[in-house]
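> mind looking at a prediction? Sequence and model below.
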Amino acid sequence: PIPSATMSGGRREVLLFDMDGTLYLESNGYVKHCRQRACEYLAKTLGLSLEEAEEKRKLALKTSNQTVKGLKTLGYEVDDVPFVTYMRAGVEDFLKPDEEVRSFLCSLKQKKYIFTNTREVEAEKALECLGIRDQFLHVYGADFMGDSCKPEEVAFQKVIDDIGAKATECVMFEDSIKNVVAASGMGMKTVFVRGRDPEQGFVKEGEGGQERKVIDCACDKLTIENLKEAKNFLW
């Protein structure tokens, strides 16, 4: 059953969803697969060993929270289209429909959007594999954001301006603690999907200090049952 709100007027009307690690769990192997292929591409195009390529990839993600942007910030010339296409190839081998996640999305009657740091064309493929593309009005990704990306405030603002919404009308669903902190700081409600990915950051129950204060609801997977404590701003 869908939870009923106990407070009137609290529901947020614009729902922004990250994709990787949020709409599917990183434990299914696709994130690891993408990172391995990213290393292969960097080793081949930059003349690095796989170990060196992995170090550069990790540093790039840590620097900018988006690999291509991070690599460019570090001074590497990387063509984002062939890089991302190569990195994310094979999505159909990992991402499959999940009825619990779909039921959760169907229960939400607000406007729903994808807000991801990857390219839109790759996000579209992933959503089709997950069987949930029909749940979202639009996909906002790297091509739309241009030189910015989450967790930069300018990226968030660009998306909500295009939607025609205010931050205080939005909920951000994320597995990246950096992005949760940024969204909360702008006035959004936040749902943090806990993973075990050290490159995204995760907060265990009872830990996290200041980071816990910006998380309005935390769960291990997006399901109606797991999000009951968010009923006042979701349903």
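Arrived safely, thanks for sending.

> what are the boundaries of the strands in this protein?
Counting by DSSP state E, the chain has strands at residues 14-17, 111-115, 138-140, 170-174, 189-193, 217-219.

> can you spell out which helices and strands pack onto the last one?
Counting contacts by 3 or more CB pairs under 8 Å, 6 or more residues apart in numbering; DSSP states H and E, strand 217-219 is packed against strand 189-193. C-beta: built from backbone N, CA, C; applies to glycine.

> and the strand it packs on, how far out from the chain's middle?
11 Å (CA atoms, centre = their mean, to the nearest Å).

> for the record, mean pLDDT for it?
For strand 189-193, mean pLDDT rounds to 96.

> who wins for proximity to residue 124 among the strands of the chain?
strand 138-140 (6.0 Å; CB to CB).

> mind checking how far the nearest residue to residue 64 once chain neighbours are set aside is from residue 150?
Distances taken as CB to CB, 6 or more residues apart in numbering place residue 70 nearest to residue 64, at 3.8 Å, with adjacent residues excluded. Distance, residue 70 to residue 150, using CB to CB, to the nearest Å: 13 Å.

> the two: which has the busier surroundings?
Neighbours per residue (other CB atoms under 10 Å) separate residue 70 from residue 150, with residue 150 holding more: 25 against 21.

> for residue 106, see how far away the more buried one is.
26 Å.

> what are the C-alpha coordinates of the lengthiest helix in the chain, in CSV please?
Counting residues, the longest helix found in the chain (DSSP state H) is helix 30-46. Below are the C-alpha coordinates for helix 30-46, written out as CSV (Å, rounded to 0.1, in the frame of the first residue of the first chain):
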residue,chain,number,x,y,z
TYR,A,30,27.6,-2.4,-14.3
VAL,A,31,29.4,0.4,-12.5
LYS,A,32,32.5,-1.8,-12.1
HIS,A,33,32.2,-2.8,-15.8
CYS,A,34,32.1,0.8,-16.9
ARG,A,35,35.1,1.7,-14.8
GLN,A,36,37.1,-1.2,-16.2
ARG,A,37,36.3,-0.1,-19.7
ALA,A,38,37.2,3.5,-18.9
CYS,A,39,40.6,2.3,-17.8
GLU,A,40,41.0,0.3,-21.0
TYR,A,41,40.2,3.4,-23.1
LEU,A,42,42.5,5.7,-21.1
ALA,A,43,45.3,3.2,-21.2
LYS,A,44,45.0,2.8,-25.0
THR,A,45,44.5,6.5,-25.9
LEU,A,46,46.9,8.0,-23.3
